[in-house]
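J.: sequence and predicted model, in that order:
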Amino acid sequence: MRDLDLTSLRLFVAVCETRNIARAGANANIVGSAISKRMAQLEDVVGTKLLSRRRHGVELTSAGETLLEHARAILTSTARIERDMSAYSHGLRGQVRVLATSSVLAESLAEDVAVFLQDPRHRSIRIDLEEGLSHQVIRGIKEGVASLGICWDASPLDGLQSRRYRNDHLVIVVHPSHPLAHMRSLQFHQTLDYEHVGMPVASSVQVMLHRSAAQAGQALLHRVIVSNFDSALRVVRANLGITVVPFEVAQSYADATGLVVIPLTDAWATRSFIICFRDEESLAPAARVLLEHLASVEPVA
């Protein structure tokens, strides 16, 4: 297959979104016949039919649906490249993309990055943060999507290098009227008779919780599954379940709402985070400076 033409891909996406060649041409200030020619050339390049012409427009074939997905991804990546290169042309001397788990973003990373950027020496550095599950963070670093990733140190690194970052502490959060609310501390198995508010099942914490429950010979009962800590704590506030979250996330919410925070005493409840990367020597100068800053942050005791 010959190289794909970005202009043809852009026009293909426009045709797919409008389902009409003439309308796509009007939006792009190009005559419809020129777009039709582009679409025919694109079909010739990929070697299959992408569009079926109808009386009032076009419909995508199965191959067209697949190409549309890829075309959008390619154009998004191209836009990112253009933005990054434009940043350098305007005098920005460094750009670092960081992938991090939700725990890290919810707890400390944003503040640590803000401190870094407040240093006058770093005013020419741009930092982009993106959230993902631990396995997504590691895959993203391996694939070169970002320079630095931050995740739980229990995650398999698959050959990546790493430096230490911060610690956190997992706790149980319950409604004040809950039967466990009087407890000063708990082991996780003591919570398994009660319904939990869970997070995405693929997250490292959820995997650990299910494993711990299995080792105790019980099942982890989920009444509600949510996508973030704030939603989990709101469900607990409604007294619909209990949840496991980092103390560093729970404390301020609990102080404001009266929820009860109970430390977990299981060995795995104190977690260490790491900064991972492919090769420290090959990191760009801006990424290396940020790495040194984050690795120098004192972990919570």
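T.: Done, it's in.
J.: wait, isn't residue 36 in contact with residue 21?
T.: Yes. Here residue 36 reaches residue 21: they are 5.8 Å apart, a contact under Cβ atoms under 8 Å. No exception for glycine: its C-beta is placed from N, CA and C like everyone else's.
J.: from residue 217, how far out is residue 250?
T.: Remark: distance between residue 250 and residue 217 (Cβ to Cβ, to the nearest Å) = 28 Å.
J.: who has more neighbours, those two?
T.: Taking neighbours as other Cβ atoms under 10 Å, residue 250 and residue 217 compare with residue 250 leading, 25 against 8.
J.: after the lowest-mean-pLDDT helix or strand in the chain, next one along is what?
T.: Least confident helix or strand of the chain, by mean pLDDT, DSSP states H and E, is helix 62-89 with a mean of 83. Using DSSP states H and E, the helix or strand that follows helix 62-89 in sequence is strand 94-100.
J.: how far out from the middle of the chain is that following strand?
T.: Strand 94-100 has its C-alpha centroid displaced from the chain centroid by 12 Å (Cα atoms, centre = their mean, to the nearest Å).
J.: name the residues that touch it?
T.: Contacts with strand 94-100, where a contact means Cβ atoms under 8 Å, 6 or more residues apart in numbering, come from 84, 87-88, 109, 113, 124-132, 136-137, 140-141, 145-151, 284-287, 289-290.
J.: whichever helix or strand comes after it - contacts with which helices or strands?
T.: Counting by DSSP H and E, the element after strand 94-100 in chain order, helix or strand, is helix 102-104. Contact partners of helix 102-104 among helices and strands, from 3 or more Cβ pairs under 8 Å, 6 or more residues apart in numbering; DSSP states H and E: strand 148-152, strand 161-174, strand 270-277.
J.: for those strands, which one ends up most surrounded?
T.: strand 148-152 (a mean of 26; mean count of other Cβ atoms under 10 Å).
J.: which one is residue 107 nearest to, not counting chain neighbours?
T.: Nearest in space to residue 107, with sequence neighbours left out and distances taken as Cβ to Cβ, 6 or more residues apart in numbering, is residue 248 at 4.4 Å.
J.: how is this structure partitioned into domains?
T.: 6-88, 92-166+272-295, 169-270 (automatic domain parsing).
J.: re earlier: a markdown table please, covering the helices and strands packed on helix 102-104 and showing mean pLDDT.
T.: Below are the helices and strands packed on helix 102-104 laid out as a markdown table (pLDDT from 0 to 100):
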| stretch | mean pLDDT |
| --- | --- |
| strand 148-152 | 95 |
| strand 161-174 | 95 |
| strand 270-277 | 95 |
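J.: residue ranges with poor pLDDT in the stretch 201-301 of the chain?
T.: Scanning the stretch 201-301 of the chain for pLDDT under 70 picks out 299-301.
J.: now the helices for it?
T.: According to DSSP state H, counting those that start in this stretch, the stretch 201-301 of the chain carries its helices in the segments 204-215, 229-237, 247-257, 285-295.
J.: out of those helices, which is the most enclosed?
T.: Mean neighbour count (mean count of other Cβ under 10 Å) peaks for helix 229-237 among the helices of the stretch 201-301 of the chain, with a mean of 20.
J.: chain center to that one, what's the gap?
T.: Chain-centre distance of helix 229-237: 20 Å, with Cα atoms, centre = their mean.
J.: elements contacting that helix?
T.: strand 161-174, strand 196-198, strand 243-246, helix 247-257.
J.: redo that, cut-off 10 Å
T.: Packing partners of helix 229-237 (3 or more Cβ pairs under 10 Å, 6 or more residues apart in numbering; DSSP states H and E): strand 161-174, strand 196-198, strand 222-225, strand 243-246, helix 247-257.
J.: got CSV for those, with distance to residue 236 too?
T.: Below are the helices and strands packed on helix 229-237 laid out as CSV (distance: least, Cβ to Cβ, whole Å):
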stretch, distance to residue 236
strand 161-174, 5
strand 196-198, 6
strand 222-225, 9
strand 243-246, 5
helix 247-257, 9
